[in-house]
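> curious how this folds, go ahead:
(one chain, ligands or ions: 1)
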Amino acid sequence: MKILIVVGARPNFMKAAPIIAAIARHNERLRIGDRREPSAEPIEPILVHTGQHYDQLMSGSFFTDLGLPKPDVHLDVGSGSHAAQTAEIMKRFESVLIRTTPDMVVVVGDVNSTLACALVAAKISFDAAGARPLVAHVEAGLRSFDRSMPEEINRVLTDHASDLLFVTEESGLRNLQREGVPPQKIHFVGNTMIDSLFAFREQAETSTIRQALGLRADSRYALMTLHRPANVDRPDVLLDIMRGIEDLAAECPVVFPVHPRTRARIREFRLDSGVGTHVVLTEPLGYLDFLCLMKHAALVVTDSGGIQEETTCLGIACVTVRENTERPVTCTEGTNQIVGQDPARIIAAAREVLRGQPKPGRVPRLWDGHAAPRIIEIILRELLPRPVVRS
Ligand code: UD1
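Predicted structure coming up:
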């Protein structure tokens with residue numbers, strides 16, 4: 001049985017790694033004859049990297065940190081407009097599918113690679129009878145209800161092209177039901193990104209990033225990331241946010257690993273001289289270094305989706321610089337607050353946390369480090385009686 005797993009951009013790697021590890025454990029249990037294994041079939045994993053992210057800092061270091069195997073296929077698409085990037089991935093991925101004929105294609109998250117590969121797999125025919133792989137979407141059902149976000153379009157379309165939808169939080173179940181997705185396709189399994197966090201949170205303590213940045217073990221600091229087009233692509237918005245962060249940095253050091261998109265905009269808008277006085281700017285960081293910084297931060301300020309979830313799991317206060325979130329459980333149960341782009345609101349929320357009044361939170365249901373084995377169990381159940389779909 002062949003399962004092809006797609007990764008493309010930075011936030012995919014930590015979501016896919018536990019699935020690949022769960023496949024390896026399944027195969028190992030079969031090899032040693034463990035009777036608890038529900039299926040007698042080994043799984044042949046095929047890892048495809050689209051190359052949407054290609055730098056050592058945005059991609060390579062994550063393979064090392066997460067112990068991911070070298071991709072079996074690299075599509076080398078690189079950057080481009082949404083249309084050009086999505087189309088190029090689709091073209092190159094189609095020939096990989098025809099060559100490898102997997103039983104299932106697993107896509108994760110909400111990036112352009114996710115949608116591109118789901119679409120190709122859902123429409124391909126391996127033979128005249130229309131045989132094609134099943135498509136599984138990991139992290140299905142999340143909705144920001146903001147169609148100006150490219151990721152929202154990717155989420156909706158990927159979900160509706162998929163045969164199996166693996167949901168991380170209960171809002172995802174409601175969203176998919178409301179959109180008419182048949183209930184038998186939907187499985188609430190937890191969060192594979194949190195599986196990675198559980199797997200690596202001890203190892204992250206070996207990171208020397210705090211010393212490298214001149215932070216003492218007991219230093220209080222805020223950690224910030226910013227890369228959403230809505231926050232960084234307009235000079236007035238980016239300048240306002242950066243000014244607010246400079247104010248905050250006068251009270252508490254702010255560590256800001258800068259995403260390539262944000263770095264390019266800071267240069268383009270000539271904000272280089274305005275930032276960096278009190279804010280510690282760094283290159284994008286690897287998984288273990290960033291996890292270490294998150295674990296020890298007094299506060300995280302971000303516009304990332306995944307970081308809202310990781311901080312909730314770690315019990316670290318998170319101030320989200322967006323008008324909405326597709327991950328509402330991080331607010332209703334976790335430590336996350338949505339404050340929007342207004343610098344006054346960002347600073348007010350951050351100061352409240354620094355004054356010792358963080359929002360209390362708890363870890364959401366099934367974010368327990370075991371989402372990937374649940375996914376593999378369901379995939380095996382689906383694939384064994386019915387290896388391919390014939391339409
Ligand atoms: C993409 C995802 C976003 C995710 C983010 C995480 C989509 C629609 N967006 O946005 O959901 O949160 O990744 O990083 O899929 N660049 C490099 N090196 C790289 C990759 C990109 O320098 O390895 C630069 C390029 O100049 C590129 C820019 O960063 O134009 C933006 O990259 P791109 O992949 O287009 O989108 P992201 O903003 O990274």
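> need the pLDDT of the closest residue in space to residue 125 that isn't next to it in sequence.
Using CB to CB, 6 or more residues apart in numbering and skipping residues adjacent in sequence, the residue nearest residue 125 is residue 132, 6.1 Å away. For the C-beta atoms, the positions are set from N, CA and C on the backbone; glycine is no exception. In this prediction, residue 132 carries a pLDDT score of 97.
> strands along this protein, start to end?
Counting by DSSP state E, residue ranges of the strands within the chain are 2-7, 44-49, 73-74, 104-108, 134-140, 164-167, 186-188, 222-224, 254-257, 279-282, 299-302, 318-320, 336-338.
> partner strands of the fifth one, parallel or antiparallel?
This points to strand 134-140. According to DSSP bridges, strand 134-140 forms sheet pairs with strand 104-108 (parallel), strand 164-167 (parallel).
> likewise for the last one?
According to DSSP bridges, strand 336-338 forms sheet pairs with strand 318-320 (parallel).
> for the stretch 151-300 of the chain, what are the low-confidence residue spans?
273-277 (pLDDT under 70).
> residue of it with the smallest distance to the ligand?
The stretch 151-300 of the chain approaches the ligand most closely through residue 260 (3.2 Å), counting by CB to the nearest ligand atom.
> where do the helices of the stretch 51-200 of the chain begin and end?
Assigned by DSSP state H, counting those that start in this stretch, the helices in the stretch 51-200 of the chain fall at 61-66, 82-100, 112-123, 150-161, 170-178, 192-200.
> residue 40: which of those helices is closest?
Among the helices of the stretch 51-200 of the chain, helix 82-100 comes nearest to residue 40, with 22.4 Å by CB to CB.
> how about the closest one: buried residues?
Residues 85, 86, 88, 89, 90, 92, 93, 94, 96, 97, 100 are the ones in helix 82-100 that count as buried (16 or more other CB atoms under 10 Å).
> burial measure for the residue lying closest to the third one once chain neighbours are set aside, as a count.
Just to be clear, that refers to residue 88. Using CB to CB, 6+ apart and skipping residues adjacent in sequence, the residue nearest residue 88 is residue 77, 4.7 Å away. Neighbourhood size, residue 77 [other CB atoms under 10 Å]: 25.
> which residues of the chain lie near the ligand?
Residues of the chain found near the ligand (CB under 6 Å from any ligand atom) are 9-11, 52-55, 58-59, 79, 111-112, 150-151, 227, 259-261, 264.
> filter those residues to the buried ones?
9-11, 52-54, 58-59, 111-112, 150-151, 227, 259.
> rewinding a little: is it true that the residue nearest to residue 88 touches residue 50?
Yes - here residue 77 reaches residue 50: they are 5.4 Å apart, a contact under CB atoms under 8 Å.
> what touches both of those two?
Counting by CB atoms under 8 Å, 6 or more residues apart in numbering, the shared contacts of residue 77 and residue 50 are 89, 92.
> give the contact list for residue 11.
For residue 11, the contacting residues are 109, 111, 193, 304, 305, 306, by CB under 8 Å, 6+ apart.
> for it, give its distance to residue 151.
As defined by CB to CB, to the nearest Å, residue 11 lies at a distance of 10 Å from residue 151.
> okay, and the common contacts of the two?
111, 305.
> wait, what's in contact with the residue lying closest to residue 19 once chain neighbours are set aside?
Once flanking residues are discounted, residue 19 sits nearest to residue 372: 4.8 Å by CB to CB, 6+ apart. By CB under 8 Å, 6+ apart, the contact set of residue 372 is 18, 19, 21, 22, 192, 195.
> ok, the residue lying closest to residue 322 once chain neighbours are set aside - contacts?
Nearest residue to residue 322 in three dimensions, chain neighbours excluded: residue 303, at 5.2 Å (CB to CB, 6+ apart). Residues near residue 303 by CB under 8 Å, 6+ apart: 225, 226, 227, 228, 230, 231, 320, 321, 322.
> how does it look with 10 Å?
Residue 303 sits next to 224-232, 241, 259, 262, 320-322, 325, 341 when contact means CB atoms under 10 Å, 6 or more residues apart in numbering.
> buried among those? Make that a PyMOL selection.
Here is the PyMOL command that selects the buried residues among the contacts of residue 303 (16+ other CB under 10 Å):
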select buried, resi 224+225+226+227+228+231+232+241+259+262+320+321+322+325+341
